[in-house]
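> Quick check, what structure comes out for this input:
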Amino acid sequence: MNRIYLDNAATTPLDPEVMEAMLPYLSTHFGNPSSIYSYGRETRLAVENARKTVARIVKASPGEIFFTSGGTESDNMALVAAVEDLGCRHIVTSAIEHHAVFHTVEHLQKKHQLQVSYVAVTPNGHIDLAHLKTLVAGSSQRVLVSLMHANNEIGNLLDIEEVGAICKEYNAIFHSDTVQTLGHYPLDFSKKWIHFATGAGHKFHGPKGIGLLYVSDEVSIHPLIHGGGQERNMRAGTENIYGIVGFAKALELADAHLDKDKQYILSLKHYLAERLHQQIPELSFNGDWNGESLYTVLNVSFPRTEKTEMLLMALDLQGICVSGGSACSSGADMGSHVIRALRSTPGVPIRFSFSKYNTREQLDEVLRVLAQLI
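Sure thing, here's the model as predicted:
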């Protein structure tokens, strides 16, 4: 059976060019970057060249870029630093954030007795910016705003420059989980409208286990992980050399082909949406799917019947890989907190998420299988 993979918001296949760039650091270039001899110097150079590549693409200085184990660690590091180092005592976030933020905020709230406010979400999944401004402006304590750039389940995009302007006006700290947009949209951190941003290599055809934390040079924070002096004393532990090299190479490739890949992937999303609507008129699309939304994500609610209740499993048995929400919480089997927050029409939500490796022929096969199953 030829499997069809349509869960690229969870993870993406490794680009062969990225694998090629990583291989030397899995074999001959194995030195510890902290060592002073030649083996160490060559891996140290690889790390710093990767940092410069990433910084150039996101328009930051290399000193603002830190490599981590992934988006979750980066989110934790940013949120903890904002509270413990920058004096934020009031967190403003939303009910549709990734659990890496949502659960960390809950932890910090209990640990430090913080005030937490949840900004209103519109019926189509956008953050209510007027309510956000009211919450930030009305706070008597320093505010941390944590809102993701693009929702990983429904794909809605946030106007991060507008949020950044609100935060700047009221001296608030702004953290944005940009895991779903780094490598898919041009990001410009030189404008200084954001203090913390995060990324993960496996979302744009890079390796797993490597992440990014952008920390604006306008703030000064302490490390979350203590020990050695790696990452300029900001993250102890021997560096993931091949992961860092792969991250930079994947981001470089994504940036070089951004417009071409976007147009192609968007055409797949629209094609599947149109055909699904023709085939099953009763279904609905979650979020602002045809507006300010990720071109890589289409979230569909199928009418709830005996056949659709087990749709994810039935598709898997046919070799079609999709998800019902975030891969990071699928093991919990509690349904999607994002879909619940939208109070959408009851149905069975399925997230289709696309990459440059998907084809229209694959989508035709998915449509054929769905016609049989439903």
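> lowest average confidence, helix or strand, in the chain?
Lowest on mean pLDDT, DSSP states H and E among the helices and strands of the chain sits helix 337-342, with a mean of 83.
> Put the alpha carbons of that helix into CSV.
Only the C-alpha atoms of helix 337-342 are listed here, as CSV (Å, rounded to 0.1, in the frame of the first residue of the first chain):
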residue,chain,number,x,y,z
HIS,A,337,-9.4,22.3,22.7
VAL,A,338,-9.2,24.7,19.7
ILE,A,339,-12.4,23.4,18.1
ARG,A,340,-14.1,23.5,21.5
ALA,A,341,-13.1,27.1,22.0
LEU,A,342,-14.6,28.1,18.6
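> What is the three-state secondary structure of the residue sitting nearest the centre point of the chain?
Per CA atoms, centre = their mean, the C-alpha nearest to the average position across the chain is that of Val179, at 2.2 Å. Here Val179 is recorded as coil under DSSP: H, G, I helix; E, B strand; the rest coil.
> name the helices or strands packed onto whatever helix or strand comes next after the least confident helix or strand of the chain?
For helix 337-342, the following helix or strand on the C-terminal side (DSSP states H and E) is strand 348-353. With contacts taken as 3 or more CB pairs under 8 Å, 6 or more residues apart in numbering; DSSP states H and E, strand 348-353 sits against strand 297-302, helix 311-317. C-beta: built from backbone N, CA, C; applies to glycine.
> Please convert these to CSV, extending it with mean neighbour count, mean pLDDT and distance to His99.
Shown next, in CSV, are the helices and strands packed on strand 348-353 (neighbours: other CB atoms under 10 Å; pLDDT from 0 to 100; distance: least, CB to CB, whole Å):
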stretch, mean neighbour count, mean pLDDT, distance to His99
strand 297-302, 24, 96, 17
helix 311-317, 15, 94, 19
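> could I get the ones you listed as a markdown table with distance to Pro207?
Supplementary listing: these in a markdown table, determined by distance: least, CB to CB, whole Å:
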| stretch | distance to Pro207 |
| --- | --- |
| strand 297-302 | 22 |
| helix 311-317 | 25 |
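> among the ones you listed, which is nearest Tyr118?
strand 297-302 (21.0 Å; CB to CB).
> Strand 348-353 and the closest one, what's the angle between them?
For strand 297-302 against strand 348-353, the angle by axes from the mean of the first three to the mean of the last three CA atoms, to 10 degrees is 160 degrees.
> returning to what we had before: who are the packing partners of the least confident helix or strand of the chain?
By 3+ CB pairs under 8 Å, 6+ apart, helix 337-342 packs against no helix or strand.
> related to what we said a few turns ago, out of everything not next to it in sequence, what's closest to the residue nearest to the centre of the chain?
Gly71 (4.1 Å; CB to CB, 6 or more residues apart in numbering).
> ok, the one you found - contacts?
Going by CB atoms under 8 Å, 6 or more residues apart in numbering, Gly71 touches 98, 100, 177, 179, 198-200, 203, 211.
> And the helices in the stretch 251-374 of the chain, which stretches?
Taking DSSP state H, counting those that start in this stretch as the criterion, the stretch 251-374 of the chain carries its helices at 258-279, 311-317, 337-342, 360-373.
> quick one on the thing from earlier: was I right about the residue nearest to the centre of the chain contacting Ala200?
Yes. Counting by CB atoms under 8 Å, Ala200 is a contact partner of Val179 at 5.0 Å.
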